[in-house]
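**Q** Okay, sequence plus prediction incoming.
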Number of protein chains: 2
Amino acid sequence: MPTPQGKPARASRAPRTPRDGAGPKRATVQEVAETAGVSTATVSRVLNGNYPVAADTRRRVEQAVRTLGYVVNAQARALAGSRTRTVGIIVEDIVDPFFGFIARGVQRQAAEDGKLCLVCSTYGVAGGELDLIDSLREQRADAVIVVGGGVEDAAYRRKLADRAHALNQDGSWLVLCGRPPLAADVPAGVVDYDNTGGAHAITDYLLGQGHRRILYIGGLDQMSVHRARVAGFRRAYASRGLEVDERLIQPGPFSRRLGYERTAQLLRDGSAGEFTAVFGANDGVAVGAMQALREAGLRIPQDVSVVGYDDIPLAAEVTPALTTVHLPLEQMGREAVRLAVALRGESDGPTDTRHVGTHVVIRESTAPAPVS
Amino acid sequence: MPTPQGKPARASRAPRTPRDGAGPKRATVQEVAETAGVSTATVSRVLNGNYPVAADTRRRVEQAVRTLGYVVNAQARALAGSRTRTVGIIVEDIVDPFFGFIARGVQRQAAEDGKLCLVCSTYGVAGGELDLIDSLREQRADAVIVVGGGVEDAAYRRKLADRAHALNQDGSWLVLCGRPPLAADVPAGVVDYDNTGGAHAITDYLLGQGHRRILYIGGLDQMSVHRARVAGFRRAYASRGLEVDERLIQPGPFSRRLGYERTAQLLRDGSAGEFTAVFGANDGVAVGAMQALREAGLRIPQDVSVVGYDDIPLAAEVTPALTTVHLPLEQMGREAVRLAVALRGESDGPTDTRHVGTHVVIRESTAPAPVS
DNA sequence: TTCTGGCCGGTAATCGCTTACTGATGTGAT
DNA sequence: ATCACATCAGTAAGCGATTACCGGCCAGAA
């Protein structure tokens, strides 16, 4: 049998020469300790300030730190301690302002808490979050924040739940941002906004302006965000005792192009009937729709009103400025970090869900329905 | 004297109980080794695949890894090895698409190289880069990429150079992105684009269209980017033997608001004389100017042509679409990472500077100068 | 058959810091 | 003067990998 099954060879000890000194070198606590004439423990205490050290000793250590230009080695610290002072955030695309603002909130809150951010993007790779979570787990990020995320089936949710358990066992937490909780027994924090409520509010506003036929564009059925928004849209009609014409609900991937093409097409072939308002599932879709309407010679808001969702800067910058549902994105990012910090330590607490408020911002793209 | 100066106490050894086992726990190479019946060295070799291991042994180790759900500890690995497989990037504001695209390039290239990104933003704090570089030095990022950066005086440049030396001594590199080199003796890589050339090209295009009075808006004199662009603007006039009216050069902080307000004001008080074209120092400024022109009843491009710089998505989305100078932002980000990787190891090589190409993108906001 | 290598795999030293214990010192109480 | 306490500082055991060195084994060469 070529399989080596024998007892391990008992090699005799041999003092090894220290790693050759040619490589990069920087001061260590050891050296600081020697320079200051104290022990490494004391240096560490001064550095972390979590243990009483006599003023005089402290001064000497600080002096030594300055002299040697000492900088702590975060890896060594993390290895010895239990935290890395690092939070990971996973988004779809960092260029998208929706994610950008959330990332900004995460960064700012993290900075205030003395942490650094590992920012990852999936760039459209389906299920890319899963691999990224694994990478962040290797890095032992103190928390992993997953923002949004598109299509999700049962298998995917199961895998995500597995990651949540794994992270939790490592002592850190998974925090979902802008998506609903996974399940009661999955240890993950959630920071979400009320999609149904927001969609209901803005739809109700349009209905209040006399609009009855509102074209809803965007969203895929597998996306929970979309399902929730459509639910709000429907509920607004229902609570006024009105019916919605199913032909007016036009799903599709969130994108400016979808808004443009779908609107142009419906205007051309009239297959969804008439409409006096357009509800873009997000601001990008709405802006695309505006362009199609304008090209068709329709005036906004005199002929057709348009509303969006999210309130990214673009909404306020287009002409006419877009009426939309404001989402406190940056605040959500901050909240996610705070939640992760709060959760930390609780080895297996219940899933904690926080909701941030949204509100309708009325700008110039909406007006009372034209008298027909 | 209360100062404790005596010889350190020689405490007797006392075997300490292992850290209490209640905390988070995850498999280690040790456990994998035991499970697979090999040594930790062998496990490490299988994991890193940089040393021959018999196929059978490898299989057993892989099996053990799977069974235990083992995940390597990046901190321990970084401490023992010499790299952290992490790159840091510092931008002004991650929401700004200019920085967003560069960050995207950095992320993608880093991902392809098996690295993770630590993304930091200064959010307007002057000199905030310096502190962030220090943080990234603590983290021992394999490279630190600093993008853009605004106002910079001699003292600031000196501090930045100090950081570059420190990083270099640590064995990693500072890479400047979208800004000129610091000095020949500063060990830092540079990835930049030709601002003077780009400004020259687009100005020349306008001059070729018959425009003679071009309003240049934006940029602060302390910003090297601005100085270079204005230089290109001037050179374009000069190379055609034309003179530029100094009143037409209107500095100010890059912002949409500046474009809007300055244009509106000059239109109102005519203090800079007439002009048939506006050159926004970046796309935001140009879009702001477009708005002011439109509100003043001027048509674009029939009455006034407008051009921008950078070619962020907004440029293609406004109506009329903006003629501008395209910058390969994402590619710059990738290039910065590649440069950092290439530089790594060279303990003190010469400053390496790479330039990425730019080109004028002609859209709908420009037309021949109106016949007066 | 004995020797020389090539393959593989084990041993244990390190990386740089945190922290549980322990000890020395000085102080106020008795 | 003696003893119980605070206070402050030192010792050294990890944390979880990587890797320089060393050595057993076996095949082909001499």
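**A** Good, I have the coordinates.
**Q** What segments of chain A are strands?
**A** Taking DSSP state E as the test, the strands found in chain A are A:86-91, A:116-121, A:143-147, A:173-177, A:188-193, A:214-217, A:249-250, A:277-280, A:305-307, A:324-326, A:353-356, A:359-361.
**Q** Redo the ones you listed as TSV? Include mean neighbour count and mean pLDDT.
**A** The C-beta positions use only the backbone N, C-alpha and C, and glycine is treated the same way. Formatted as TSV, the strands of chain A follow (neighbours: other Cβ atoms under 10 Å in any protein chain shown; pLDDT from 0 to 100):
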stretch	mean neighbour count	mean pLDDT
strand A:86-91	27	97
strand A:116-121	26	97
strand A:143-147	27	96
strand A:173-177	28	95
strand A:188-193	24	93
strand A:214-217	24	97
strand A:249-250	20	96
strand A:277-280	30	97
strand A:305-307	28	98
strand A:324-326	25	98
strand A:353-356	15	91
strand A:359-361	17	97
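**Q** To DNA strand C, which of those strands lies closest?
**A** Distance to DNA strand C, taken as Cβ to the nearest atom of the strand, is lowest for strand A:86-91 among those, at 14.5 Å.
**Q** Who are the packing partners of that closest one?
**A** In terms of contacts (3 or more Cβ pairs under 8 Å, 6 or more residues apart in numbering or on different chains; DSSP states H and E), strand A:86-91 is packed against helix A:97-112, strand A:116-121, helix A:128-138, strand A:143-147, helix A:329-343.
**Q** Next, count neighbours for A:Leu314.
**A** 21 (other Cβ atoms under 10 Å in any protein chain shown).
**Q** Quick check: the gap between it and A:Val285.
**A** 11 Å (Cβ to Cβ, to the nearest Å).
**Q** ok, back up a step: can you say which of the helices and strands packed on strand A:86-91 is packed in most?
**A** strand A:143-147 (a mean of 27; mean count of other Cβ atoms under 10 Å in any protein chain shown).
**Q** How about residues contacting that one?
**A** A:87-92, A:99, A:102-103, A:106, A:129, A:133, A:136-137, A:160, A:167, A:172-179, A:333, A:336-337, A:340-341, A:343-344 (Cβ atoms under 8 Å, 6 or more residues apart in numbering or on different chains).
**Q** Would you pull up how far it lies from the middle of the chain?
**A** 6 Å (Cα atoms, centre = their mean, to the nearest Å).
**Q** tell me the angle that strand makes with strand A:116-121.
**A** Counting by axes from the mean of the first three to the mean of the last three Cα atoms, to 10 degrees, strand A:143-147 lies at 30 degrees to strand A:116-121.
**Q** Describe which strands strand A:143-147 pairs with in its sheet and in which direction.
**A** With DSSP bridges as the test, strand A:143-147 is paired with strand A:86-91 (parallel), strand A:173-177 (parallel).
**Q** Show me which positions of stretch A:255-268 end up buried.
**A** For stretch A:255-268, the neighbour count (16 or more other Cβ atoms under 10 Å in any protein chain shown) marks A:256, A:258-264, A:266-267 as buried.
**Q** now those residues as TSV including pLDDT and distance to chain B?
**A** As requested, the buried residues of stretch A:255-268 are arranged in TSV below (pLDDT from 0 to 100; distance: Cβ to the nearest Cβ, whole Å):
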residue	pLDDT	distance to chain B
A:Arg256	92	7
A:Leu258	96	15
A:Gly259	96	12
A:Tyr260	96	11
A:Glu261	96	15
A:Arg262	97	17
A:Thr263	97	16
A:Ala264	97	15
A:Leu266	96	21
A:Leu267	96	18
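**Q** among these, which are in helices?
**A** Within the buried residues of stretch A:255-268, residues falling in helices by DSSP state H are A:256, A:258-264, A:266-267.
**Q** Please list all residues in contact with A:Val341.
**A** A:113, A:142-143.
**Q** and it, what pLDDT?
**A** pLDDT recorded at A:Val341 is 90.
**Q** if I look at it, how far off is chain B?
**A** 16 Å (Cβ to the nearest Cβ, to the nearest Å).
**Q** cool, and A:Asp131?
**A** 10 Å.
**Q** do the same with A:Glu92
**A** Taking Cβ to the nearest Cβ as the measure, A:Glu92 falls 11 Å from chain B.
**Q** can the contacts of A:Val341 go into JSON lines with extra columns for distance to DNA strand D?
**A** Formatted as JSON lines, those follow (distance: Cβ to the nearest atom of the strand, whole Å):
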{"residue": "A:Asp113", "distance to DNA strand D": "23"}
{"residue": "A:Asp142", "distance to DNA strand D": "15"}
{"residue": "A:Ala143", "distance to DNA strand D": "18"}
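**Q** so how many other residues sit close to the residue in the stretch 151-300 of chain A positioned nearest to chain B?
**A** Closest residue of the stretch 151-300 of chain A to chain B, Cβ to the nearest Cβ: A:Gly171 (3.2 Å). The local packing of A:Gly171 (other Cβ under 10 Å) involves 17 other residues.
**Q** my guess is it contacts A:Ser82, does it?
**A** Yes. The pair A:Gly171 / A:Ser82 is scored as a contact, 6.9 Å apart, by Cβ atoms under 8 Å.
**Q** Would you map out the domains in chain A?
**A** Domain ranges of chain A: A:29-72, A:86-193+A:329-356, A:195-327, per automatic domain parsing.
**Q** Give me the nearest residue to A:Thr276, chain neighbours excluded.
**A** A:Ala369 (4.6 Å; Cβ to Cβ, 6 or more residues apart in numbering or on different chains).
**Q** Please name the residues that touch the nearest residue to A:Gly37 once chain neighbours are set aside.
**A** Once flanking residues are discounted, A:Gly37 sits nearest to A:Arg60: 6.8 Å by Cβ to Cβ, 6+ apart. A:Arg60 makes contacts with A:36-38, as judged by Cβ under 8 Å, 6+ apart.
**Q** From A:Ala281, how far off is A:Arg60?
**A** 63 Å.
**Q** which residue ranges form the helices in the stretch 151-300 of chain A?
**A** With helices called from DSSP state H, counting those that start in this stretch, the stretch 151-300 of chain A shows them at A:154-170, A:195-208, A:224-238, A:256-269, A:283-295.
**Q** any weak-confidence spans in chain A?
**A** A:1-24, A:150-151, A:345-351, A:372 (pLDDT under 70).
**Q** Go ahead and flag the most central residue of it.
**A** Geometric centre of chain A, nearest residue: A:Val147, 2.8 Å, by Cα atoms, centre = their mean.
**Q** quick revisit: a markdown table for the contacts of A:Val341, including distance to A:Thr67?
**A** Below are those laid out as a markdown table (distance: Cβ to Cβ, whole Å):
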| residue | distance to A:Thr67 |
| --- | --- |
| A:Asp113 | 30 |
| A:Asp142 | 32 |
| A:Ala143 | 36 |
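**Q** still on that earlier bit, so what sits opposite the residue nearest to the centre of chain A in the bridge?
**A** Going by DSSP bridges, A:Val147 forms beta bridges with A:Cys177.
**Q** for chain B, what are the nearby residues on the stretch 151-300 of chain A?
**A** A:166, A:169-171, A:256, A:287, A:291, A:294 (Cβ under 8 Å from any Cβ of the partner chain).
**Q** Make a PyMOL selection of the buried ones in those.
**A** Selection of buried members from these for PyMOL, criterion 16+ other Cβ under 10 Å:
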select buried, chain A and resi 166+170+171+256+287+291
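**Q** re the thing from before, which ones among the contacts of A:Arg60 come in contact with DNA strand D?
**A** A:37-38 (Cβ under 7 Å from any atom of the strand).
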